[in-house]
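*Asks:* The following block contains a protein sequence and its predicted model.
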Amino acid sequence: MAKTALVVGASGIVGSATVKLLAEQGWAVHGLARRPTDQAGVHPVAVDLQDAAATAAAVRHLNADAVFITTWLRQDSEAANIRVNSAMVRNLLNGLPKPTGPRHVALVTGLKHYLGPFEAYGKGTLPQTPFREEQGRLDVENFYYAQEDEVFAAAARDGFTWSVHRPHTVIGLAVGNAMNMGTTLAVYATLCRETGRPFVFPGSAAQWSGLTDMTDAGQLARHLVWAAETEAAHDQAFNVVNGDIFRWQWMWGRIAQWFGVEAALFDGTVRPLEQQMADDAGLWRAIATRARLAEPDLGRLASPWHTDADLGRPVEVVTDMSKSRRFGFTDYQPTDDAFFALFERLRADRLIP
């Protein structure tokens, strides 16, 4: 019989890549979201995880072999992030039936584990790069830690195994996602090409000149399924990135070349996309109308605030993935190819002209 998976956040960047991979591998896949989209081979589960009773009713019959938690809800403060996002994980794990056989629960968090939450992002005393899993938690409140604690408590109670996955910025396809650098840069480059505006790097000198890495959604999906199926990877936390490193001064030129625009010279000044794109909603709607694009709402495609947070960091960010390699995960994904594949999909889906 096919294994059964529950993917939480199935319509997001990570969730959609994960359900696709699981379906291709023959799993019976249930995709949970507040507003599920039509996904091939996926049984939709529509529920708001903030509602404990509704969550229990929606998942009480899902005796899944593997559960992949790939979602969160952004709030106005870290205290609210902790309250809301820990409750969502708790409601889910309390609502599922107690496992009658082996079950694995995978939680996707990210590098804010090392860099701190939005309110203290990249500030204070940070671990030395490259970040390694054994560096542990910062002495600061963080909703990632609260989510982990809910998983650990439920695992101790119900007897399932777990894994925590910490990607860097994720490259992938999703509309209406709060953290979407790839599509944000595609929209920005399109606006620059359409208007003749310079394609200006919006971030810091540290990001322009320093080393960095990223995580393709497909790479992360493969890592999630690998951990669920690999006994040695159970009850472990892992970093997960593509496997290459680059400097933005090189990648910016690569992206500019793909879109047929000229990369502006970087003069060391931070020019946030949230400011550069502040008045572009009407312009994007006009472009979408003329080119008959599928999504005329700029706000559902671009998340400038999050791209600014990543590209504006004052520190070099590189992630060590040796732990995964030692445990047997050897997949590799060139980051420029990941960007280009995303851009091709955006064009094929009529999300950019």
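*Replies:* Happy to help now that I have it. Small disclaimer: the values here were computed from a predicted structure and weren't measured. Numbering: from 1, shown residues only.
*Asks:* where does the residue nearest to F238 when sequence neighbours are not counted land on pLDDT?
*Replies:* With sequence-adjacent residues excluded and distances taken as CB to CB, 6 or more residues apart in numbering, F238 is closest to S324, at 5.1 Å. Every C-beta, even on glycine, is put in place using the N, C-alpha and C of the backbone. pLDDT recorded at S324 is 98.
*Asks:* what number of residues lie near S324?
*Replies:* 23 (other CB atoms under 10 Å).
*Asks:* What spatial separation is found between it and T330?
*Replies:* 8 Å (CB to CB, to the nearest Å).
*Asks:* cool, W305 as well?
*Replies:* 35 Å.
*Asks:* With A53 instead?
*Replies:* 44 Å.
*Asks:* got a list of what H168 touches?
*Replies:* Going by CB atoms under 8 Å, 6 or more residues apart in numbering, H168 touches 110-111, 212-215, 241, 317, 319.
*Asks:* make it 7 Å
*Replies:* Listed by CB atoms under 7 Å, 6 or more residues apart in numbering, the contact set of H168 reads 111, 213-215, 241, 319.
*Asks:* just G41 next, same as before
*Replies:* 23, 29.
*Asks:* Show the pLDDT at it.
*Replies:* 86.
*Asks:* can you check R166 too?
*Replies:* Confidence score, pLDDT, at R166: 98.
*Asks:* Look at it and give its secondary structure.
*Replies:* strand (DSSP: H, G, I helix; E, B strand; the rest coil).
*Asks:* residues in contact with the residue nearest to F238?
*Replies:* Going by CB under 7 Å, 6+ apart, S324 touches 223, 238, 240.
*Asks:* how does it look with 10 Å?
*Replies:* 133, 165, 223, 226-227, 233, 236, 238-241, 243, 330-331 (CB atoms under 10 Å, 6 or more residues apart in numbering).
*Asks:* follow-up on the earlier one: can you tell me which of the contacts of H168 lies closest to R347?
*Replies:* M214 (20.4 Å; CB to CB).
*Asks:* Next one, pLDDT for the closest one please.
*Replies:* 97.
*Asks:* separation between the residue nearest to A291 when sequence neighbours are not counted and G182?
*Replies:* Spatial nearest neighbour of A291, excluding adjacent residues (CB to CB, 6+ apart): P353 at 3.9 Å. Look at P353 and G182: by CB to CB, they are 16 Å apart.
*Asks:* Which one of these two is surrounded by more residues?
*Replies:* G182 (26 against 14).
*Asks:* I figured that one hits M251, correct?
*Replies:* No - judged on CB atoms under 10 Å, G182 makes no contact with M251 at a distance of 11.6 Å.
*Asks:* Give the residues shared as contacts by the two.
*Replies:* 214, 339.
*Asks:* burial of the nearest residue to Q147 once chain neighbours are set aside, as a residue count?
*Replies:* Distances taken as CB to CB, 6+ apart put V89 closest to Q147, at 5.0 Å, once the chain neighbours are dropped. A total of 25 residues lie near V89 under the criterion other CB under 10 Å.
*Asks:* Check N94 too.
*Replies:* By other CB under 10 Å, the burial measure for N94, its neighbour count, is 15.
*Asks:* centre of the chain versus the helix or strand that contains it, how much separation?
*Replies:* If you go by DSSP states H and E, N94 is part of helix 78-95. Centre-to-centre, helix 78-95 and its host chain are 18 Å apart (CA atoms, centre = their mean, to the nearest Å).
*Asks:* helices or strands up against the very next helix or strand once past it?
*Replies:* Per DSSP H and E, the first helix or strand lying C-terminal to helix 78-95 is strand 104-108. Here strand 104-108 touches strand 4-8, helix 13-24, strand 66-69, helix 78-95, helix 143-158, strand 161-167, helix 217-229, strand 236-240, going by 3 or more CB pairs under 10 Å, 6 or more residues apart in numbering; DSSP states H and E.
*Asks:* Now do whichever strand or helix holds G182 and helix 13-24, the angle between them.
*Replies:* Following DSSP H and E, the helix or strand that holds G182 is helix 181-195. Using axes from the mean of the first three to the mean of the last three CA atoms, to 10 degrees, the inter-axis angle of helix 181-195 relative to helix 13-24 is 110 degrees.
*Asks:* buried residues in helix 181-195?
*Replies:* Buried residues in helix 181-195, counting neighbours by 16 or more other CB atoms under 10 Å, are found at 181-194.
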